[in-house]
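Participant: sequence and predicted structure below; questions after.
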Amino acid sequence: MALDLLRSGLATLEYEIAEERVSALGRLGRRLEAALTALAACPRTTSSDRKIYDSLVEQAGYALWLFAVQREACGLNRIDHVIKIYRVPDGVVARMGPLAKPSAHPAKTKAVEAALPPMF
């Protein structure tokens, strides 16, 4: 009887962990989509726009990295599939990784801020 209860508790915990992994994957996928949408909407006409564009590329590279790490945690290892499906630009793939200068208040445009769901 106690063993059944233990197995039942373990199964419940494993289910909740899997549920959270999938939930986090969905949040990070939406974050990547929002970052790519903001990047696509950014004009590249002046030097000030170029700085905004570069910042958006960096944010999208970070979002791609977070999504790839979470996919790997879920046992999904093919990042090339993600790049193809999401149509990730080469510049974003090249910038994939942690932010170069993480800060408490990273500079974001209003479009990215409005589009990005909270992380946790």
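Facilitator: Perfect, I can see it now. Nothing here was measured: the structure is a model prediction, and the numbers come from that model. Numbering: from 1, shown residues only.
Participant: for the longest helix that the chain contains, give the mean pLDDT please.
Facilitator: When the chain is parsed with DSSP state H, its longest helix is helix 2-41. In this model, helix 2-41 has a mean pLDDT of 88.
Participant: neighbours of the closest residue to Cys74 other than its chain neighbours, how many?
Facilitator: Nearest non-adjacent residue to Cys74, counting by CB to CB, 6 or more residues apart in numbering: Arg21, 5.1 Å away. C-beta: built from backbone N, CA, C; applies to glycine. When counting by other CB atoms under 10 Å, one arrives at 15 neighbours for Arg21.
Participant: can you pull the contacts of Arg21?
Facilitator: If a contact means CB atoms under 8 Å, 6 or more residues apart in numbering, then Arg21 has Gln70, Ala73, Cys74 as its contacts.
Participant: now with 10 Å?
Facilitator: Gln70, Arg71, Ala73, Cys74, Gly75 (CB atoms under 10 Å, 6 or more residues apart in numbering).
Participant: and the residues you listed, which of them are buried?
Facilitator: Gln70, Arg71 (16 or more other CB atoms under 10 Å).
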